[in-house]
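Sequence first, predicted model second:
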Amino acid sequence: MARLRGAWRGWRANGTPSMTTRVGMLAAMPSSVVVVTMRASASRRRGAREGTHQRRLEVARGRGRCVMRRASGGDGADDVGAWTSSSSSSSAASLVVAGADGDGRGGKTKATSSLWETIDAVPERVFAWTEKRLLTWEPPKFIWRTAATSLLFGSVLFRMLKQPKRINWEQTMQQIARIGPQTLGVSLLTSSFVGMVFTIQFCKEFAKVGLKNAIGGLLGLAFARELTPVICAIILAGRIGSAIAAELGTMQVTEQVDQLTVLGTDPIDYLVIPRVIACAISLPVLCIISFAQSLAASILLADLRYGVSPNVIVDSAAKYLEPSDLGIMTAKAVAFGAVIAVISCGWGTTTTGGAKGVGESTTASVVISLTAIFIVDFVLSLIFFQK
């Protein structure tokens, strides 16, 4: 609760909440809500128990008066029988009339009240212990960082669609010039060897059944629909995503992000959105170039190693491939690039713990980006190829 009040005061004082303020309120909100709910529930239960306790005492006093009147009007045997009957009907009445004088009766009444007070104090102790644990509990880093990254993705999407004037195009062009050249060489080399590996497998197996004319079409479909966008996305996550997470993580732990906020610059507009746009634009271009490279490597190996004419592979690829396949490859590349950039920026801007935290954020961003690539690939494949 204290963390939530502190984050709210910081929000009110600064006007625009910083990334640290948003994450702090997000981390403090679940435990605060639970504590407030438990306090209201405990108050209602306490009121109900006090009413029940009062009613029980009134019933016990009424039964005690009835028994005393019966005892004063009869003989000794009747007194014993009356006392026995009343004690069997109610334990509270037996406690009230156990003593003949007023002191004994009052002592038993005090004992009964003390018993109920002890019973009523048990939930209060449990509530106090639970409240103490909740106020000192912090959610696991993975949970609140995932929530912060999801919030960041929504903010980026909203600003790009509803407030395009806030986009810093100068930073965006700088990021595009940085991402493209750094990833192109690795993408071309990887695509070449992947294309040759699949050419070896297809040519060897299809030659057994006399389907060499279909090799080019199958290679083209495999490269366009799945292999090229996934491979380029993996390279982008390892080469660029890790660099983004490390850069923003270092800026976060050295308080450079907070300095941007103090200077009146929104970190999301200046740091996050340009990187997301740059990755979403650069990856489709890399995919198209890598697709051409992988197909060229397959044609060269098929001609030199298996004697399959380049014209056969080109004609087969042109027969099987459709423009929609290239469109699907481009759509997947845009989605992969945006997801990689958002995850890397989200993990970088929520870094804590100094140099050790920067290393952990970099590693976690790459691992989560790779997992997200395959999840998004499955969803998009389910949408595009459901028929």
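Yep, it's here.

switch to C-alpha atoms for all contacts and neighbour counts from now on
Fine.

Report the contact partners of Val230.
Ala333, Ile373, Phe374, Asp377 (CA atoms under 8 Å, 6 or more residues apart in numbering).

The last one: which element?
Per DSSP states H and E, Asp377 falls inside helix 354-384.

hang on, the earlier thing: which single one of the contacts of Val230 is nearest to Leu211?
Using CA to CA, Asp377 is the member of these that lies nearest Leu211, at 29.4 Å.

just curious, which of the contacts of Val230 is nearest to Phe384?
Out of the contacts of Val230, the member with the shortest distance to Phe384 (by CA to CA) is Asp377, at 10.4 Å.

If you drop the residues flanking it in sequence, what lies closest to that closest one?
Lys332 (7.1 Å; CA to CA, 6 or more residues apart in numbering).

Could you give the number of residues near the one you found?
26 (other CA atoms under 10 Å).

okay but it is in contact with Phe378, surely?
No: using CA atoms under 8 Å, Lys332 is not in contact with Phe378; the gap is 10.4 Å.

Low-confidence stretches in the chain?
Across the chain, the ranges flagged by pLDDT under 70 are 1-122, 387.

Angles on the backbone of Tyr306, please.
Backbone torsions of Tyr306, given as degrees, to the nearest 10, read phi -120, psi 0.

So what touches stretch 197-210?
Everything outside stretch 197-210 that qualifies as a contact, by CA under 8 Å, 6+ apart, is Lys212, Ile215, Leu219, Ser298, Leu301, Ala302, Tyr306.

Max pairwise distance over these: which two?
It's Leu219 and Tyr306 that sit farthest apart of the contacts of stretch 197-210, by CA to CA, at 15.2 Å.

Look at the two and report which has more neighbours.
It is Leu219, of Leu219 and Tyr306, that has more neighbours when counted by other CA under 10 Å, with 24 against 15.

Next, the buried residues of stretch 217-228.
Gly217, Leu218, Leu219, Gly220, Leu221, Phe223, Ala224, Arg225, Glu226, Leu227, Thr228 (16 or more other CA atoms under 10 Å).

thinking the fourth one is in contact with Pro323, fair?
Looking back up the chat, that one is Gly220. No: using CA under 8 Å, Gly220 makes no contact with Pro323, being 11.8 Å away.

Can you report how many residues lie near Pro123?
By the measure other CA under 10 Å, the count of residues near Pro123 is 14.

Setting aside sequence neighbours, what's the nearest residue to Gly180?
For Gly180, ignoring the flanking residues on the chain, the nearest one in space by CA to CA, 6+ apart is Ser282 at 5.9 Å.

so which helix or strand takes in that neighbour?
Taking DSSP H and E as the criterion, Ser282 maps to helix 273-305.

what's that helix packed up against?
helix 169-208, helix 228-236, helix 310-320, helix 323-349 (3 or more CA pairs under 8 Å, 6 or more residues apart in numbering; DSSP states H and E).

Okay, angle between the first one and helix 228-236 too, please.
Using axes from the mean of the first three to the mean of the last three CA atoms, to 10 degrees, the direction of helix 169-208 lies 130 degrees away from that of helix 228-236.

Sort out which residues of helix 169-208 are buried, please.
Across helix 169-208, burial judged by 16+ other CA under 10 Å covers 171-172, 175-176, 179-180, 183-184, 187-188, 190-192, 194-196, 198-199, 202-203.

Next: the third one.
Taking 16+ other CA under 10 Å as the neighbour-count basis, helix 310-320 is seen to contain the buried residues Pro310, Val312, Ile313, Val314, Ser316, Ala317.

distance of the last one from Phe223?
Looking back up the chat, that one is Ala317. Per CA to CA, to the nearest Å, Ala317 is found 11 Å from Phe223.

Can you report how many residues lie near Ile375?
12.

And for the one 3 residues further on?
Phe378 has 11 neighbours, counted by other CA under 10 Å.

And for Leu260, the neighbour number?
Leu260 has 15 neighbours, counted by other CA under 10 Å.

What is the subsequent helix or strand relative to the helix or strand encompassing Arg125?
According to DSSP H and E, Arg125 maps onto helix 102-136. Using DSSP H and E, the helix or strand that directly follows helix 102-136 along the chain is helix 141-162.

Give me the angle between that following helix and helix 273-305.
100 degrees.

What residues of helix 141-162 count as buried?
Neighbour counts using 16+ other CA under 10 Å place Trp144, Arg145, Ala147, Ala148, Thr149, Leu152, Phe153, Val156, Arg159, Met160 of helix 141-162 among the buried residues.

Which residues are in contact with the residue nearest to Asp377?
For Lys332, the contact set (CA under 8 Å, 6+ apart) comprises Pro229, Asp377, Leu380.

For Glu264, which three-state class applies?
To be clear, residue 264 is Gly; Glu isn't right here. Applying DSSP: H, G, I helix; E, B strand; the rest coil to Gly264 yields a three-state assignment of coil.

Can you list phi and psi of it for me?
Torsion angles at Gly264 (phi, psi; degrees, to the nearest 10) stand at phi 90, psi 10.

With Gly307 instead?
Gly307 adopts backbone torsions of phi 70, psi 20, taken as degrees, to the nearest 10.

go on, Glu322?
Torsion angles, degrees, to the nearest 10, at Glu322: phi -130, psi 160.

Could you do Phe385 as well?
Main-chain torsions, Phe385, degrees, to the nearest 10: phi -120, psi 30.

This completes my enquiry, with thanks.
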